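Enquirer: Need the 3D shape of this:
(one chain, ligands or ions: 2)
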Amino acid sequence: MSNYELFPLFNQIIKDFNLKGELKRITCVSTGNINDTFVALTMHEGHEREYIFQRVNHRVFSSPERVAENVCKVTDHVENKLRESGVSDVRRHVLRYYRKSDGSYFHITENGDYWRALSCVYDAISVDSADIPHLRAAGVAFGEFQNHLSDFPAESLYETIPDFHNTKKRYADLVASAEADVAGRLDSVREEYEYLLSMEKEATVLCELSEKGVLPFRVVHNDTKCNNVMFDSRTGEHLAVIDLDTVMPGLVAYDFGDAVRFAANPGGEDNEDLNRIYLDLDYYSAFAEGFVPCIYGKVTDEEIETLPDGVLAITLELAARFLKDYLDGDVYFKCKKKYHNRIRTRAQIALAKDIFGKMPELRRRLRAIVEKING
Ligand code: GN1
Ligand code: MG
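Expert: Residues are numbered from 1 along each chain as shown. Ligands and ions are numbered 1, 2, ... in the order given. Here you go, the predicted model:
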C-alpha cells in the first residue's frame, strides 16, 4: 500500500481511536513475515508523537479480536508484575493496545482489513542483528517475560494458532504438502525434503518428552526473535517485549531455541550465501547468559538440560514450515523475492546442519553457565 492510500486511512484510525495530533509521516516497518506494521508520526501541540498501526493478517490469525483479548490479558499481567517489583516507567516496559470509544480494538476497513493501534516505546530501538550486549539483554528480557507469566492462568488464553509449535504436526503437514505438490515444486526441493525427513527424530525429541510428561507446557512467548525486544536507545537496557500474538502454552526450550536460531546466525534468516550461515557460539553464550539465570530454579532440571535441543528442533521446524509454504505455492509467509521460501528453507537447513555438529559444545557451554549460577 502506498502512503497516498495510507494517509486517509491513518487519519481515520487516529480519529477512531481518539489519538493525539495531526498525521505528519508514515514509516513502514518491513521486518514482519505475517502482519503489516507502520509507525505513524503525529504533531500534537508542538510535540511529535509516534503510534504503531498494524494490519493483522486474519488468514493467519482467524480471530483478531480474540488475539487482542489475549494480548491485553498478558500485558495487564506483566504490568502488574512490573509495578510490584518497583519498575518506575512501566509505559516503556509494556506495549498497550488502544481502544475505540465503543471498546473495540480494531478499525475494520470496507474490504475487511483489521487495523490495530499500539503505543510506541519512546527513545527505544529494536535490532534485527544484535551484538553481544544486546543479545545478553534480550536473554534477560525473554527470561523475565517467562517469569512474569509463570503464574498466568493458561486456561484463560485463546489458542491463537492451534499447534503452533507442535513439531510433529508441522512435519505431518509438510509430508501432506509434498504428497499433494499443488504448485509442482517438489522436484526442485527433493534434497531439502529428504534431509528434513532424515532429521525428524531430532526435530521432535522435545515433543516426545512433553508427551511423556517430562517437559511441562508453560505460557511462553513463541516468537522470540531479538527484534521483538525494545531496547533503550542510549543505554541498551531491555524495555518491552513485543509481538505477543502467539503467547500461548508451549515449551521453554522453544523460546530459547528460536531466539538463538534467529540472533546467533550472523548470515540472517534468508541469506542465499550459505557459507555465511552458521551458529556463532559466542552469540549463543551471550543469550544463554542472559536467559538461563532468570529462569534457573523456576523451571525443572530437564527443562534446563534440553534448552540446546530446542535450538536444533525449532530450526528444523521452521525449515519444515518454510518448505511446506514453498510447496503450497507461498500462501502463508510474505515473500519479498522470487523463491523466497526456498531460500529461507535452504538457509535454515544450513543452520540446522551447523547446529547439529555443535550440539556437544552447546551443551558444554550451558553446563558452564549452570555451574557458575550454582557457584
Ligand atoms: C513469523 O512475522 P514474524 O516475523 O513476527 C512467524 C514465526 C516465524 C518467523 C520467521 C505467526 O514471525 O513463527 O518464526 O516469521 N509468525 C507466525 O521469521 O507464523
Ligand atoms: Mg511475530
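Enquirer: ok, now which ones touch the residue minimising distance to the centre of the chain?
Expert: Centroid-nearest residue in the chain, with CA atoms, centre = their mean: residue 223, separated by 2.1 Å. For residue 223, the contact set (CB atoms under 8 Å, 6 or more residues apart in numbering) comprises 243, 245-246, 258. Placement of C-beta: from N, CA and C, glycine included.
Enquirer: If we use 10 Å, what do you get?
Expert: By CB atoms under 10 Å, 6 or more residues apart in numbering, the contact list for residue 223 reads 34, 164-165, 242-247, 254-255, 258-259, 262.
Enquirer: got the phi/psi numbers for residue 273?
Expert: phi -90, psi 90 (degrees, to the nearest 10).
Enquirer: Now it: closest residue in space that isn't a chain neighbour?
Expert: Take residue 273 and drop its neighbours on the chain: the residue closest to it by CB to CB, 6 or more residues apart in numbering is residue 267, 7.0 Å away.
Enquirer: Same question for residue 144.
Expert: Nearest to residue 144 is residue 294, by CB to CB, 6+ apart, at 5.5 Å.
Enquirer: any idea which helix or strand carries that neighbour?
Expert: helix 281-295 (DSSP states H and E).
Enquirer: just checking, the residue nearest to residue 273 touches residue 278?
Expert: Yes. Residue 267 is in contact with residue 278 according to CB atoms under 10 Å; the separation is 7.0 Å.
Enquirer: residues shared between the contacts of those two?
Expert: With CB under 10 Å, 6+ apart, residue 267 and residue 278 have common neighbours 350-351, 354.
Enquirer: By neighbour count, which of those residues wins?
Expert: The most crowded member of these is residue 351, carrying 27 neighbours; neighbours defined as other CB atoms under 10 Å.
Enquirer: Tell me the buried residues in stretch 72-79?
Expert: 73-75, 77-79 (16 or more other CB atoms under 10 Å).
Enquirer: Keep only those of the residues you listed that are in helices.
Expert: If you go by DSSP state H, those have 73-75, 77-79 in helices.
Enquirer: residue boundaries of the strands in the stretch 51-200 of the chain?
Expert: Taking DSSP state E, counting those that start in this stretch as the criterion, the stretch 51-200 of the chain contains strands spanning 107-108, 114-119, 124-125.
Enquirer: I'd like the shared contacts of residue 267 and residue 278 as a markdown table, with distance to residue 209, pLDDT and secondary structure appended.
Expert: As requested, the shared contacts of residue 267 and residue 278 are exported to a markdown table (distance: CB to CB, whole Å; pLDDT from 0 to 100; DSSP: H, G, I helix; E, B strand; the rest coil):
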| residue | distance to residue 209 | pLDDT | secondary structure |
| --- | --- | --- | --- |
| 350 | 26 | 98 | helix |
| 351 | 23 | 98 | helix |
| 354 | 24 | 98 | helix |
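Enquirer: follow-up on the earlier one: would you check that the residue nearest to residue 144 makes contact with residue 137?
Expert: No. Look at residue 294 against residue 137 with CB under 10 Å: they stay out of range, at 11.5 Å.
Enquirer: Can you report how many residues lie near residue 193?
Expert: For residue 193, using other CB under 10 Å, the count is 22.
Enquirer: Please apply the same query to residue 249.
Expert: Neighbourhood size, residue 249 [other CB under 10 Å]: 17.
Enquirer: any idea of the pLDDT on it?
Expert: At residue 249, the model reports a pLDDT of 95.
Enquirer: Checking my notes, residue 362 in a strand, right?
Expert: No. Counting by DSSP: H, G, I helix; E, B strand; the rest coil, one finds residue 362 to be helix, located in no strand.
Enquirer: In contact with it, which residues are there?
Expert: Contact partners of residue 362, counting by CB under 10 Å, 6+ apart, are 260, 279, 281, 284-285, 288, 307-309, 311-312, 355.
Enquirer: ranking those by neighbours, who comes first?
Expert: Busiest of the contacts of residue 362 [other CB under 10 Å] is residue 260, holding 32 neighbours.
Enquirer: What is the nearest of the ones in helices among the buried residues of stretch 72-79 to ligand 1?
Expert: residue 74 (15.6 Å; CB to the nearest ligand atom).
Enquirer: contacting residues around that closest one?
Expert: Contacts here follow CB under 10 Å, 6+ apart; on that basis residue 74 touches 94, 145, 148-149, 152, 156-157, 219, 221, 241, 244, 247-248.
Enquirer: Turn these into TSV, including distance to ligand 1 and neighbour count.
Expert: TSV is the format used below for the contacts of residue 74 (distance: CB to the nearest ligand atom, whole Å; neighbours: other CB atoms under 10 Å):
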residue	distance to ligand 1	neighbour count
94	18	24
145	15	25
148	20	21
149	18	19
152	20	18
156	21	12
157	15	18
219	17	22
221	11	26
241	13	25
244	11	25
247	11	25
248	11	22
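Enquirer: Reformat those residues as TSV; add distance to residue 47.
Expert: Output for the contacts of residue 74, formatted as TSV (distance: CB to CB, whole Å):
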residue	distance to residue 47
94	22
145	31
148	31
149	34
152	36
156	38
157	37
219	37
221	33
241	27
244	28
247	32
248	38
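Enquirer: Brilliant, that's me finished.
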